[in-house]
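>>> Output the structure for:
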Amino acid sequence: MNTKMIIILAGILALPLICTAETYILSESGLEDISSSSMGSFAYKQSELKKLIDSGQTRRAKDLYETLRQKYPEYSGPDAESFMEAEMLYSSGKMHKAGKAYKEFAAKYPLSNWYEAAIERLYDVGTSFISGYKKPFLLVFRLSMFEDGAQLLNYTAGLTGTRPIAHRCLKTLATAYERRGDYDEAFEEWSGIYALWPTGSKGREAMLGMARSLHSSYQGPDYQSPNLDYAYNSYETFSVRYPEAAEELGVEQVQQQIRNQEAYKEYLLGMYYVKVGNFEGAELYFQNIIDNYDDTSIAEPTDKAMHELAKLREKVAENPPKERKGLWRFFDLFDIKKIKGYKL
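Reported below is the predicted structural model:
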């Protein structure tokens, strides 16, 4: 190895010893080292203060804040004091008080240099509330703050318009509602997102969220189900607008599931009318399935039910039940199960 190569290698190995912890900014004259300047010291201490607050080291954070307040004018104004008061509450884990303090700050100092930081904290506190934070009450009780968190996130989204943090607030809340099974509220939040961001990935996600929430709100055949129709149509719109995403997500299979659910509800209604002896009503429901849901899993049982219904109507015509007289007729208006050969 020649002498020149040895010198180059020695220079490279010496770099970690030469390069100390320096901070540079781009100024008009080029790169400027600010590690030993007041600007560098301020940035470092500001970063250190945030770390102490985030890690819950409230006492050390207060001490450092006092130092900064005496040395730097940015920390000495009324807005800074108001913000730092909220920060100390946040650091000590008193989220319910911190949320109120950040909200008051945002309303009072919208032009403050600390405003954006307060907006981020409002998001953090709101997320904490809907994620399970409970407010202490009478020393031994803990009260859920979910509704307060929902209000705080909606409030923050309202302050920030169409900025990214507004989308974060609404999406976080929509998904939280879905996890809780509050699908009507989730639909409202996804609708709000779609109204603000109707295109792009945000619009696609919101449209899918609306359809999913509508479908998830279905409680079974014993309940009214107008949302099934809306969910199907929402998925249909999604498929037309985003065919590749729809195929990847299996939207067609979800739509088939919805049709099966709708058909099953019609089938149960038809069976109910058979039970109470309203054969015409039963036939209407069964025929509706045959005409409009022939591609569902309920189509075959419905065909069988129609044939059995026809046989049952013949039996009833041949041997109609005797109508009771007097008060007895109220106890047995028409019990179809007493008809000989009843089976459906």
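>>> which residues make contact with the helix or strand harbouring residue 79 from outside it?
Applying DSSP states H and E as the criterion places residue 79 in helix 78-91. Helix 78-91 is contacted from outside by 52-54, 56-58, 61-62, 65, 69, 74-75, 95, 97-98, 101-102, 104-105, 108-109, 112-114, 117-118, 121, 124-125, using C-beta atoms under 8 Å, 6 or more residues apart in numbering. Placement of C-beta: from N, CA and C, glycine included.
>>> can you pull the buried residues of the helix or strand just after it?
Next helix or strand after helix 78-91 toward the C-terminus (DSSP H and E): helix 95-108. For helix 95-108, a neighbour-count test (16 or more other C-beta atoms under 10 Å) marks 95-103, 105-106 as buried.
>>> Assign the one residue sitting closest to the centre of the chain to helix, strand or coil.
A centroid search over the chain (C-alpha atoms, centre = their mean) returns residue 175, at 1.5 Å, as the residue closest to the centre. Secondary structure, DSSP: H, G, I helix; E, B strand; the rest coil: residue 175 is helix.
>>> For it, which non-adjacent residue is closest in space?
Once flanking residues are discounted, residue 175 sits nearest to residue 186: 7.7 Å by C-beta to C-beta, 6 or more residues apart in numbering.
>>> Contacts for the helix or strand containing residue 248, please.
Element membership for residue 248 (DSSP H and E) is helix 243-249. Contacts of helix 243-249 with the rest of the structure, by C-beta under 8 Å, 6+ apart, involve 204, 208, 235, 238-239, 252.
>>> So which of these wins on neighbours?
residue 235 (24 neighbours; other C-beta atoms under 10 Å).
>>> correct me, but that residue touches residue 211?
Yes: contact criterion C-beta atoms under 8 Å: residue 235 and residue 211 qualify, at 4.8 Å.
>>> What separation do you get for residue 221 and residue 268?
Distance of residue 221 to residue 268, computed by C-beta to C-beta, to the nearest Å: 5 Å.
>>> ugh, wrong one, residue 207
Here residue 207 is placed at a distance of 31 Å from residue 268 (C-beta to C-beta).
>>> Ok, residue 142 next?
For residue 142 relative to residue 268 (C-beta to C-beta), the value is 43 Å.
>>> next one: residue 280
17 Å.
>>> Same check on residue 122?
Distance from residue 122 to residue 268, by C-beta to C-beta: 48 Å.
>>> Compare these two and say which is more crowded by neighbours.
It is residue 122, of residue 122 and residue 268, that has more neighbours when counted by other C-beta under 10 Å, with 26 against 14.
>>> pretty sure that one contacts residue 102?
Yes: shown here, residue 122 and residue 102 form a contact pair, counting by C-beta under 8 Å, at 5.1 Å.
>>> Beyond the longest helix seen in the chain, next helix or strand please.
Taking DSSP state H as the criterion, the chain has its longest helix at helix 251-275. Per DSSP H and E, the first helix or strand lying C-terminal to helix 251-275 is helix 279-292.
>>> That concludes my questions; thank you for your assistance.
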